[in-house]
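Chemist: Below are the sequence and a predicted model for it; my questions follow.
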Amino acid sequence: MVVTSYRPLEKRLSSYDFSTRDLQENRRIVEKWKDLKRRPLTSINWFVADFIDVYAGVLNIFRFMEYFQKIGVENRIIIQGENDRTRHIINTTLMGSFPSISSVKIFDGNPLGNIPYADVSIATYWTTAYSLLKFNDTLGKYYFIQDDERMFFQASPWSALVEETYRFGFPAIASARSLRDMYVKEFGHEAQSFCIAVDTSLFRPMTQAPRRIVERIFFYARPTRPRNGFDLGVLALAKIKESHPAIEIILAGADLSNCELPMETTNLGYVTVEETAQLYRTCDLGLYLMFTRHPGVIPIELMASGCIVVSNRSKHHNDLLADRYNCLTCVSTVSGIVHSLEEAIGNYELRKLLCENAIRTVRSISWQSQFRKIHDFIVGKDKRQDSGGHS
């Protein structure tokens, strides 16, 4: 007799079903908005998936929300999923960092009938795109894309469901040129990219030049996110600690209390934006691994703080990270990471050059210019797609 192990069916898959009629009505709204000569923008519904911690992508959503609030646009947050938990994080953490939007109203995303009309509605994660597909009490629909979210899953129905959202036809607001290119070239839809900027009054170097001796290495450590290469980074840092026992290895980004690490580290877990800025100023090197299309916010914050970035080599990150100009990029192996870290540790003149160029890169980008670019894209003031890169 053959005994098979029982695995419960993944019933959540049925939550992302849609009909031909859903697609037709959505297409009608998208096309009508595209043809409008004057696009109103007095209100925005932001469809936000539930989250358990505040990370860079969430902060970007709130930065744009704050900008639109300041120019007179009414914002609403539409929560999809575990509403009580997400409401608590928004009210206690996010609103503290963005006090100007503390009066923004929060609505449950289920059922859709709870959601008020808005001139524009924006999906901010692939699951919320399914809600926006069926929400039609709006004039314009947009997709705020901060990564190729197909890569969050192995090849499966889940990665296919993400890909389906890229066919819904929403104009995309993409947080990197590589994401804009993917959306335009693979799916043929309109898109505009913005560049990640940083608050240089908060993220700033402690001194004008790097320390001559490397004392602290920071690692963005998120073991539950495969795209951040936790195990690879730890194995490399263990070798660095063995060769340089005086260097302090600092980990932050997640609760690591249940992780068994092969070397002594300082584990900070989750830190606030203000604590993060203070931390980066005290570190000499920052190891940041990202294996999806988006370069992330953290390298920019590290560069603004005078901390030398060491990151994995990727063709998708070239519009931000320039090897041996403002950072060091490495082969995605333990030895590759160790080699780049060792070079940075042993070559002060190289670190000094990288630091100067990194700060120059960061200071060439402002949030205000990026906010205005996306505002103009939404209202149709400039229908030309941007050329990408940093402006």
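Modeler: Looks like it arrived, so ask away.
Chemist: Look at residue 321 and say how many residues are nearby.
Modeler: 26 (other C-beta atoms under 10 Å). Bear in mind the C-beta positions are built from the backbone N, C-alpha and C, glycine included.
Chemist: Quick check: chain neighbours aside, which residue is closest to it?
Modeler: Nearest residue to residue 321 in three dimensions, chain neighbours excluded: residue 327, at 4.9 Å (C-beta to C-beta, 6 or more residues apart in numbering).
Chemist: For that neighbour, give me its contacts.
Modeler: When contacts are counted by C-beta atoms under 8 Å, 6 or more residues apart in numbering, residue 327 touches 299, 303, 308, 309, 310, 311, 321, 354, 358.
Chemist: Just to check, the fifth one is in contact with residue 330?
Modeler: Think residue 310. Yes. In this structure, residue 310 is within contact of residue 330 by C-beta atoms under 8 Å, at 6.3 Å.
Chemist: For the residue most central in space within the chain, pull up the helix or strand it's in.
Modeler: Nearest to the mean C-alpha position of the chain, by C-alpha atoms, centre = their mean, lies residue 57 at 3.4 Å. Assigned by DSSP states H and E, residue 57 falls within helix 56-70.
Chemist: what is the mean pLDDT for that helix?
Modeler: For helix 56-70, mean pLDDT rounds to 92.
Chemist: what stretches of the stretch 101-250 of the chain score poorly on pLDDT?
Modeler: Scanning the stretch 101-250 of the chain for pLDDT under 70 picks out no residues.
Chemist: Could I get the full set of strands for it?
Modeler: Applying DSSP state E, counting those that start in this stretch to the stretch 101-250 of the chain gives strands spanning 105-108, 118-123, 138-145, 172-174, 191-193, 216-220, 248-252.
Chemist: rewinding a little: tilt between the helix holding residue 57 and strand 118-123?
Modeler: 170 degrees (axes from the mean of the first three to the mean of the last three C-alpha atoms, to 10 degrees).
Chemist: Summarise which helices and strands helix 56-70 is packed against.
Modeler: Judged by 3 or more C-beta pairs under 8 Å, 6 or more residues apart in numbering; DSSP states H and E, helix 56-70 is in contact with strand 43-49, strand 74-80, helix 367-379.
Chemist: Mind putting the contacts of residue 327 into TSV with distance to residue 128, secondary structure and pLDDT?
Modeler: Formatted as TSV, the contacts of residue 327 follow (distance: C-beta to C-beta, whole Å; DSSP: H, G, I helix; E, B strand; the rest coil; pLDDT from 0 to 100):
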residue	distance to residue 128	secondary structure	pLDDT
299	26	helix	95
303	31	helix	97
308	36	strand	98
309	31	strand	98
310	34	strand	98
311	29	strand	97
321	29	coil	92
354	38	helix	98
358	34	helix	96
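Chemist: Pick the one among these closest to residue 365.
Modeler: Lowest distance from residue 365 to those (C-beta to C-beta) belongs to residue 303, with 10.8 Å.
Chemist: Go ahead and confirm that closest one touches residue 326.
Modeler: Yes. Between residue 303 and residue 326 there is a contact under C-beta under 8 Å: 6.3 Å.
Chemist: list residues touching both of the two?
Modeler: With C-beta under 8 Å, 6+ apart, residue 303 and residue 326 have common neighbours 309, 358, 361.
Chemist: For the buried ones among those, write the corresponding PyMOL selection.
Modeler: To isolate the buried ones among those in PyMOL, judged by 16 or more other C-beta atoms under 10 Å, type:
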select buried, resi 309+358+361
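Chemist: check contacts around residue 263.
Modeler: Applying C-beta under 8 Å, 6+ apart, the residues near residue 263 are 237, 238, 241, 242, 249.
Chemist: picking that back up, could you point out which of the strands of the stretch 101-250 of the chain sits nearest residue 63?
Modeler: Among these, strand 138-145 sits nearest to residue 63 (C-beta to C-beta), with 11.4 Å.
Chemist: Tell me how many other residues surround residue 16.
Modeler: 19.
Chemist: Make sure it is actually in contact with residue 130.
Modeler: Yes. Counting by C-beta under 8 Å, residue 16 touches residue 130, with 5.0 Å between them.
Chemist: Please check the contacts of residue 263 and keep the buried ones.
Modeler: Using 16+ other C-beta under 10 Å as the burial test, the contacts of residue 263 include 237, 238, 241, 249 as buried.
Chemist: Quick check: the farthest pair among the residues you listed?
Modeler: Within the buried ones among the contacts of residue 263, two members stand farthest from each other by C-beta to C-beta: 238 and 249, at 8.6 Å.
Chemist: on that earlier part again, looking at residue 303 and residue 326, which one has more neighbours?
Modeler: More crowded of residue 303 and residue 326, by other C-beta under 10 Å: residue 303, with 29 against 22.
Chemist: Please list all residues in contact with the more buried one.
Modeler: 309, 326, 327, 358, 359, 361, 362.
Chemist: In strands only, show me the residues you listed.
Modeler: If you go by DSSP state E, these have residue 309 in strands.
Chemist: The contacts of residue 303 in helices, which ones?
Modeler: The members of these that map onto helices under DSSP state H are 358, 359, 361, 362.
Chemist: before we move on, the earlier item: so for the helix holding residue 57, what gets flagged as buried?
Modeler: 56-58, 60-69.
Chemist: Now render these as CSV, adding distance to residue 372.
Modeler: What follows is the buried residues of helix 56-70, written out as CSV (distance: C-beta to C-beta, whole Å):
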residue, distance to residue 372
56, 21
57, 21
58, 22
60, 16
61, 17
62, 18
63, 13
64, 11
65, 15
66, 14
67, 9
68, 11
69, 15
